[in-house]
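Participant: Need coordinates for the below:
(one chain, ligands or ions: 2)
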Amino acid sequence: MIKISRLNKTYNKLKALDNVDLFFEKGEIVALLGPNGSGKTTLLKSILGLVLPESGDIFVNGKNIKRDFRYREMIGYMPQTASYPENLKVEEVLKIIKDIRNKKEYEDELMKELKIEEMYCKKINALSQGMKQRLSAALTFLFDSDIIILDEPTAGLDPASADYLKMKILKEKTKGKLIIVTTHIISEVEELADRFIFMHEGRVKIEDGIDKLKVQNNGFRKSISNLFKEYEWS
Ligand SMILES: Nc1ncnc2c1ncn2[C@@H]1O[C@H](COP(=O)(O)OP(=O)(O)OP(=O)(O)O)[C@@H](O)[C@H]1O
Ligand SMILES: [Mg+2]
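Facilitator: Ligands and ions are numbered 1, 2, ... in the order given. Model (predicted):
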């Protein structure tokens, strides 16, 4: 569904992405892991066309994204930090985005569970961090996209919203969607992902299935935290 080939992105002299080769298939949940600054957000933004890599290619459903921007309609994206027009009300933001995407109805369950209606009259600049996250989460799933990309989706969410979001992610997977998620919460990786990709200094260091780590002697949590420790000092 998504193929990434020899992708490189440099900021000044810093290699944010260093020859990244990856493949993502439909119907899987992939956790993108790595220490702060390892290139996860840069990789996700490259897939969305929000960051332009110097070299390399990204193919979505076999088409090179450099040649055709329409692929973006297939993706629901929850950014690590969202920015919406500060002076608009939530209701207005939803209407604008709905009009752009030509969507008539909202998914009631999504709006109810993420308590969106109670924020309708609030301006964006009056939203708490968690409220903004809930709005972003709702927008991500609103258009029934085939590919869902979530950059630290539960950071700052209250437990009820976080639980709903996790349930929603698993439900969307059963519809055959591809879900790519970054998180620093190890229990979420265990609960959600089929496999993980571990990045360090812009490079893909490890790609593996979650089940394999679950059966290791020292357990899943320990195996993952050992990975972080190993690369912290390398
Ligand atoms: N716009 C930018 N200008 C300059 N450097 C940048 C820019 N965006 C990212 N970087 C650098 O690129 C590297 C990768 O950043 P990125 O945001 O992709 O990391 P990350 O893995 O998502 O980290 P985190 O876990 O903290 O979200 C970092 O060293 C960061 O400082
Ligand atoms: Mg990030």
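
Participant: Flag every residue of the chain that's near ligand 2.
Facilitator: When proximity is defined as Cβ under 5 Å from the ion, the chain approaches ligand 2 at Lys40, Thr41, Gln80. C-beta coordinates here come from the backbone N, C-alpha and C atoms, glycine included.

Participant: hey, C-alpha coordinates of stretch 57-77 in PDB?
Facilitator: Presented in PDB, the C-alpha positions along stretch 57-77 are these (Å, rounded to 0.1, in the frame of the first residue of the first chain):
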ATOM      1  CA  ASP A  57      10.600   7.900  -3.500                       C
ATOM      2  CA  ILE A  58       7.300   7.200  -1.900                       C
ATOM      3  CA  PHE A  59       4.700   5.100  -3.600                       C
ATOM      4  CA  VAL A  60       1.100   5.000  -2.500                       C
ATOM      5  CA  ASN A  61      -0.900   2.200  -4.200                       C
ATOM      6  CA  GLY A  62       1.900   1.900  -6.700                       C
ATOM      7  CA  LYS A  63       1.900   5.600  -7.700                       C
ATOM      8  CA  ASN A  64       4.800   7.900  -7.000                       C
ATOM      9  CA  ILE A  65       3.400  10.800  -4.800                       C
ATOM     10  CA  LYS A  66       5.600  13.300  -6.500                       C
ATOM     11  CA  ARG A  67       3.500  13.000  -9.600                       C
ATOM     12  CA  ASP A  68       0.000  13.000  -8.200                       C
ATOM     13  CA  PHE A  69      -1.300  14.800  -5.100                       C
ATOM     14  CA  ARG A  70      -4.700  13.200  -5.100                       C
ATOM     15  CA  TYR A  71      -3.500  10.300  -3.000                       C
ATOM     16  CA  ARG A  72      -3.800  12.600   0.100                       C
ATOM     17  CA  GLU A  73      -7.600  12.100   0.000                       C
ATOM     18  CA  MET A  74      -6.900   8.600   1.000                       C
ATOM     19  CA  ILE A  75      -5.200   9.500   4.200                       C
ATOM     20  CA  GLY A  76      -6.500  10.600   7.600                       C
ATOM     21  CA  TYR A  77      -3.700  12.300   9.500                       C
END
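
Participant: Just give me the residue closest to the centre of the chain.
Facilitator: Leu150 (1.8 Å; Cα atoms, centre = their mean).

Participant: who are the neighbours in contact with it?
Facilitator: When contacts are counted by Cβ atoms under 8 Å, 6 or more residues apart in numbering, Leu150 is found next to Tyr77, Met78, Thr140, Ile169, Ile179, Ile180, Val181, Thr182.

Participant: Put together CSV for those, with neighbour count, pLDDT and secondary structure on each row.
Facilitator: As requested, the contacts of Leu150 are arranged in CSV below (neighbours: other Cβ atoms under 10 Å; pLDDT from 0 to 100; DSSP: H, G, I helix; E, B strand; the rest coil):
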residue, neighbour count, pLDDT, secondary structure
Tyr77, 21, 96, strand
Met78, 22, 97, strand
Thr140, 24, 95, helix
Ile169, 24, 97, helix
Ile179, 24, 98, strand
Ile180, 25, 98, strand
Val181, 26, 98, strand
Thr182, 24, 97, strand
